[in-house]
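*Asks:* Just a sequence and a predicted model for now, questions to come.
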There are 2 protein chains.
Amino acid sequence: MRVSAKADYAVRAAVELAAADEGPVKGERLAEAQKIPLQFLEHILLELKHSGIVRARRGAKGGYWLARPADEVTIADVVRAVEGPIADVQSTPPEAIEYSGNAEPLRDVWVAVRASLRSVLEVVTLADLVKNELPPIVDEMTSQPGAWQASTSTKEMSQG
Amino acid sequence: MRVSAKADYAVRAAVELAAADEGPVKGERLAEAQKIPLQFLEHILLELKHSGIVRARRGAKGGYWLARPADEVTIADVVRAVEGPIADVQSTPPEAIEYSGNAEPLRDVWVAVRASLRSVLEVVTLADLVKNELPPIVDEMTSQPGAWQASTSTKEMSQG
DNA sequence: GCACTCCCGACCAAGGCAGTCAGGAAAGTC
DNA sequence: GACTTTCCTGACTGCCTTGGTCGGGAGTGC
């Protein structure tokens, strides 16, 4: 349930590409702009290239650019490119798990968890980030009570 | 963004405890009921005990039971007990990250991601699972288009 | 005192995470 | 065609997590 450094870096680099108006951007510039170790970033950009999110050209005047318009690339696309499936349980997709007995309804919960993740990650595009105009769902979620608190525990309820 | 075996096991064991009517349940019975390696499960139950979710007694007639009523224990509680914070980015809580430049709005996205996870995990209780009556949000999410599909990609859109 | 059950630290193999290093291969420039 | 630039790629590393297993110790009930 954690976002890896790689995924974070990947999104940040992609946003930087989305913000670049024209022409290829060097890996070095991306690394500097977002304070990412260059050599690590190159591996990440390679993965993004392999999954068709960015393109690249070598040599002088070379660099990276988005393969698609920034408003057609979602955060989910970028995260999946470097991390694989968004929400797996025990390394298998939630709908494929077979529970028995009392745990049976649990599968629906994991599916709901994945769907809720997607409802955010598949809606926010790189263009949204560049414009700083996030979709309404983000505002809805971030304005929920406790959304900015580190840990919302139900323990206090019964203990207090 | 994956649910570990430990977290999965923990929830399943907790559900089994919630389903037990009276008296302590042996670790062995929990392990059998949910097909979990006993020795591994014991470690998990110990963690659940340390975070105040279950209680235990040793010896004959010993076993584990829930410290609180099943309708006051959420899945989030159980997952946090064994996995720590629900949604961290680079091992730090999303609201604590400082982005610069174009990536700045990204923080709100991660906060929204966490909030969306919480909106499911903090609402479903062990009692809900035992009764097989999940809160409305779960139905809403699982009935969303593509919720049961392995990967909902926006790539096909532009490629097709 | 004896069986039962939880408690808990030590250990282990495999793999992931977050990089670094070294070199090769295309693309442009002169 | 040499030379620089920049991406491309595999190999390697150190550390940590995951998913367990093993063995013994300690409290509980009869």
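*Replies:* Ah, there it is. Since this is a predicted model, take the numbers as computed values, not measurements.
*Asks:* Around DNA strand C, which positions in chain A sit nearby?
*Replies:* Counting by Cβ under 7 Å from any atom of the strand, the residues of chain A lying close to DNA strand C are A:4-6, A:37-40, A:43, A:57-62, A:83. The C-beta positions use only the backbone N, C-alpha and C, and glycine is treated the same way.
*Asks:* can you rerun that using 10 Å?
*Replies:* Chain A comes close to DNA strand C at residues A:2-9, A:24, A:31, A:35-44, A:56-62, A:82-84, A:91, as judged by Cβ under 10 Å from any atom of the strand.
*Asks:* Now, the residues you listed that are in strands?
*Replies:* When these are checked against strands (DSSP state E), the matches are A:2-3, A:56-57.
*Asks:* for those, which one is nearest residue A:70?
*Replies:* Proximity of those to residue A:70 was ranked by Cβ to Cβ; the top entry is residue A:56 with 16.7 Å.
*Asks:* Need the nearest residue in space to that closest one, chain neighbours excluded.
*Replies:* When the adjacent residues along the chain are set aside, residue A:56 lies closest to residue A:64, with 4.8 Å between them (Cβ to Cβ, 6 or more residues apart in numbering or on different chains).
*Asks:* who's in contact with residue A:108?
*Replies:* Each residue near residue A:108 by Cβ atoms under 8 Å, 6 or more residues apart in numbering or on different chains is listed here: B:134, B:138, B:142.
*Asks:* Just the pLDDT at it, thanks.
*Replies:* Per-residue confidence at residue A:108 stands at 98 (pLDDT).
*Asks:* Show me how far the helix or strand where it lies is from its chain's centre.
*Replies:* When elements are assigned from DSSP states H and E, residue A:108 belongs to helix A:106-121. Using Cα atoms, centre = their mean, to the nearest Å, the distance from the centre of helix A:106-121 to the centre of the chain it belongs to is 15 Å.
*Asks:* I'd like the distance from the next helix or strand after it to the chain centre, please.
*Replies:* Later in the chain than helix A:106-121, the nearest helix or strand by DSSP H and E is helix A:126-131. Its chain's C-alpha centre lies 13 Å from the corresponding centre of helix A:126-131 when counted by Cα atoms, centre = their mean.
*Asks:* which element follows helix A:126-131 toward the C-terminus?
*Replies:* helix A:136-142.
*Asks:* Is that next one in proximity to chain B?
*Replies:* Yes - using Cβ under 8 Å from any Cβ of the partner chain, we find that helix A:136-142 touches chain B at A:137-138, A:141-142.
*Asks:* Report the entries of the residues you listed that also contact DNA strand D.
*Replies:* Subset of the residues of helix A:136-142 next to chain B in contact with DNA strand D: empty, counting by Cβ under 10 Å from any atom of the strand.
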